[in-house]
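K.L.:
Compute the structure for the input listed below.
(2 chains)
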Amino acid sequence: MTHPFVSVEDLQTHFPVRKGLLRRVVGAVRAVDGVSFTISRGRTLGLVGESGCGKTTVGRSLLRLVEPTGGRVRLDGTDVRGVDGAALRALRRRMQVVFQDPYGSLNPRMTVRSILEEGLLIHAMGTAAERFERMRRALERTGMPADALARYPHEFSGGQRQRIAIARAVVLEPEFLVLDEPVSALDVSIQAQVVNLLEELRRELGLTYLFISHDLSVVEYLSDDVAVMYLGRFVETAEAKRLYAEPLHPYTLALFSAVPSVDAARRRRRIILSGDVPSPSRPPEGCRFHPRCPLAEQVCREVDPPAVSLDGHRFHCHVAAREVEAAGGDTAAASRRMAELVSTGAAAV
Amino acid sequence: MPLLSIEDLVTAFHTPAGRVPAVDGVSLSIDAGRTLGLVGESGCGKSVTAMSILQLVASPGRIESGRILLSVDGDTADLATLPEPAMRQIRGGKIGMIFQEPMTSLNPVFTIGDQVAETVRLHRKASRSEARARALEMLELVRIADPARRIDEFPHQLSGGMRQRVMIAMALACDPSLVIADEPTTALDVTIQAQILELLSDLRRRLGTAILLITHDLGVVAETCDEVAVMYAGKIVERAPAEELFSNPLHPYTIGLLAARPESAAAGGRLRTIPGTVPPPQHYPSGCRFHPRCEFAREPMCKGELPQLREITPGHFVRCHYAGELEAVSRP
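P.N.:
Sure thing, here's the model as predicted:
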């Protein structure tokens, strides 16, 4: 049996909250609180959600840039949480990361050459001549001139810096990339160039992506599958086309409807959510979305909704589960019905 | 007479490296109660245009020429040359302001009630208690939950969306005729952005305030503005009613921006891109400033001659030598 390339089971990453003179632990911020997913080799999982939902922490936990407090992460069958030292280093070469801010993530005192070479040296990859060849190839792949090696990050525009950050990741010939808002800081015309580059690299190098973003249209374009995150949990996961066509969770519906669009045809009936996202140190009882959900019922306030899964479309919502059942498993009909209910704010009885 | 009429505005920064004309001959007008969207990418000069209207351009920048005429109740003033004391009455009085970063625009050591009340007392004869009553009224207007309690809270106690509501309350406290909103929702999450945009549209309808909305987000403009002006390299390159601009873009830059959005891509196809990057003001190219990146550029006109803003169809202005003629081939 083949195993999924990236597999995450019940991942939890809690940060301690300390208080007082003795810095005693008085609670925990449950940034990621029980997240499970898999990504097959060569595919892209898009992860969307608003600030503070925990999406960045998911990415960092996979790479162990922050230590998960529970659950299991496997890359190509190897338990990421169970290795240390040289074994962890070897694993880290295979999984790399690109961050949002191309200004903050490149050391301004290092030349592009030392930025790219650092990883190669750490992983003892090749002789000096081989390393140079790898760097030259990585720059060429990312559309940068070879003479960039001798220059400093400040000599480049935002879009070019992001290409350097991508080159730094691919120079190590990784298999899995965590892309954390890699195009969010870029202007539209530059964003399109970098999005095309990422897609090209994935195809040519057979890379697997976790693409984290708050930009729903970029995620739709780049992802095979999409997960929607709210307050430390995945609330809905499905194939991208299906999720955008037939969202079932009230939060997904509200999120999609809130995106302003140039095309009148793409606009959905706007669902305005009340209030803000609650603090992840004190997540609400029952369904975490219930305080903002226009459809919340008694059961939502008391019982954490279990996952319901239909041909790979997975969601956590009591009301949607009922509607899907009432529609005889017709998710398209259930989605239309949910949109109707959420926008009128009246729950079905 | 329009409420605000900008005529041939030039604002330049005088740096050791030379003169940098960030705004280079911009003309705009907004009628009372209307919303104009000013869009463009970073560095195009849209924020400097807004700052010029308020005379808030920081040194070494200054307004070099042009007029900024504000007409309220039959009085017309040229804000480009108005002396500072009079300008102080305009800012926060006839013109309200909302900026991107509510955390840095609000003073962290004063309560939000004090800050809204201060605006009122600066512009109106009002006692402390009258100003506080007005502040409470404004917080209610922008739908802050439990305003009687919130009025004594400090900015750090509020969420980003709440802070932006306080900014809107301050901007509207003195019944301005015009509100300048510079990227008011860029720092906010999309569901909170939806709340704020809905609030702004609702208040505009009820109070009749005109809005100059500055943003890089074409979707936000399409959903909130009556008219749109697109800026590139210090100049307006296209101006039209919103619906017309988005259904019938005529400038190659506007066409390119719309085509570069992921929504425009054919399934499985690559995104359309605009090659190159925005030129910095020190290196504006000759002729049409967009010509080095333009797929329609033709010699010798585009490289040799700066195109004028021409009215191609009624109300639709385009700064392109071949506007209208591109139409058949340009549809993305």
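K.L.:
tell me which parts of chain A are close to chain B?
P.N.:
A:50-51, A:157, A:159, A:187-193, A:195-196, A:199, A:214, A:216-218, A:220-222, A:254-255, A:257-263, A:266-267, A:270, A:272-273, A:275-276 (C-beta under 8 Å from any C-beta of the partner chain). All C-beta spots, glycine's among them, are computed from the backbone N, C-alpha and C.
K.L.:
ok, which stretches of the chain are helices?
P.N.:
All of this refers to chain A. Taking DSSP state H as the test, the helices found in chain A are A:55-62, A:85-94, A:112-122, A:128-141, A:158-170, A:188-205, A:216-222, A:240-245, A:250-258, A:298-302, A:318-326, A:331-344.
K.L.:
actually chain B
P.N.:
Going by DSSP H, chain B shows helices at B:46-53, B:84-90, B:102-105, B:112-123, B:128-141, B:147-150, B:160-172, B:190-207, B:218-224, B:242-247, B:252-259, B:301-304, B:327-330.
K.L.:
Make CSV out of these and add mean pLDDT and mean neighbour count.
P.N.:
Listed next are the helices of chain B as CSV, based on pLDDT from 0 to 100; neighbours: other C-beta atoms under 10 Å in any protein chain shown:
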stretch, mean pLDDT, mean neighbour count
helix B:46-53, 95, 24
helix B:84-90, 94, 13
helix B:102-105, 74, 16
helix B:112-123, 93, 21
helix B:128-141, 94, 18
helix B:147-150, 92, 14
helix B:160-172, 91, 25
helix B:190-207, 90, 19
helix B:218-224, 93, 22
helix B:242-247, 95, 18
helix B:252-259, 94, 24
helix B:301-304, 93, 16
helix B:327-330, 48, 12
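K.L.:
Can you lay out those helices as JSON lines showing distance to chain A?
P.N.:
Output for those, formatted as JSON lines (distance: least, C-beta to the nearest C-beta, whole Å):
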{"stretch": "helix B:46-53", "distance to chain A": "12"}
{"stretch": "helix B:84-90", "distance to chain A": "31"}
{"stretch": "helix B:102-105", "distance to chain A": "13"}
{"stretch": "helix B:112-123", "distance to chain A": "16"}
{"stretch": "helix B:128-141", "distance to chain A": "16"}
{"stretch": "helix B:147-150", "distance to chain A": "13"}
{"stretch": "helix B:160-172", "distance to chain A": "6"}
{"stretch": "helix B:190-207", "distance to chain A": "4"}
{"stretch": "helix B:218-224", "distance to chain A": "3"}
{"stretch": "helix B:242-247", "distance to chain A": "5"}
{"stretch": "helix B:252-259", "distance to chain A": "6"}
{"stretch": "helix B:301-304", "distance to chain A": "18"}
{"stretch": "helix B:327-330", "distance to chain A": "16"}
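K.L.:
Report the mean per-residue pLDDT for stretch B:265-277.
P.N.:
For stretch B:265-277, the mean pLDDT works out to 85.
K.L.:
before we move on, the earlier item: right, so of the helices of chain B, which gets closest to A:L210?
P.N.:
helix B:190-207 (20.5 Å; C-beta to C-beta).
K.L.:
related to what we said a few turns ago, go through the helices of chain A and name the closest to A:L149.
P.N.:
helix A:112-122 (4.1 Å).
K.L.:
Distance from the chain centre to that closest one, please.
P.N.:
Chain-centre distance of helix A:112-122: 26 Å, with C-alpha atoms, centre = their mean, to the nearest Å.
K.L.:
what's that helix in contact with?
P.N.:
A:89, A:93, A:106-107, A:110, A:125-126, A:131, A:134-135, A:138-139, A:148-153, A:164, A:167-168, A:171-172 (C-beta atoms under 8 Å, 6 or more residues apart in numbering or on different chains).
K.L.:
Buried residues in that helix, which are they?
P.N.:
A:V112, A:R113, A:I115, A:L116, A:E117, A:G119, A:L120 (16 or more other C-beta atoms under 10 Å in any protein chain shown).
K.L.:
Against chain A, how distant is B:D8?
P.N.:
From B:D8 across to chain A, the span is 27 Å (C-beta to the nearest C-beta, to the nearest Å).
K.L.:
do you know how far the closest residue in space to that residue that isn't next to it in sequence is from chain A?
P.N.:
Nearest non-adjacent residue to B:D8, counting by C-beta to C-beta, 6 or more residues apart in numbering or on different chains: B:G66, 4.5 Å away. Distance, B:G66 to chain A, by C-beta to the nearest C-beta: 27 Å.
K.L.:
what's the pLDDT at B:G66?
P.N.:
Reported pLDDT for B:G66: 97.
K.L.:
and what of the one 5 residues further on?
P.N.:
At B:S71, the pLDDT value in this model is 95.
K.L.:
Kindly report the same for the one 10 residues further on.
P.N.:
Note on B:T81: pLDDT of 95.
K.L.:
Equivalent analysis for B:G324, please.
P.N.:
In this prediction B:G324 is given a pLDDT of 84.
K.L.:
Tell me the residue of the stretch 1-150 of chain B that sits nearest chain A?
P.N.:
B:E41 (3.9 Å; C-beta to the nearest C-beta).
K.L.:
ok, that residue - how many residues close by?
P.N.:
21 (other C-beta atoms under 10 Å in any protein chain shown).
K.L.:
That one and A:A192 touch, don't they?
P.N.:
No. Using C-beta atoms under 8 Å, B:E41 and A:A192 do not qualify as a contacting pair, with a distance of 11.9 Å.
K.L.:
Can you tell me the closest non-neighbouring residue to B:E183?
P.N.:
Ranked by C-beta to C-beta, 6+ apart and with sequence neighbours excluded, the top spatial neighbour of B:E183 is B:Q100, at 4.0 Å.
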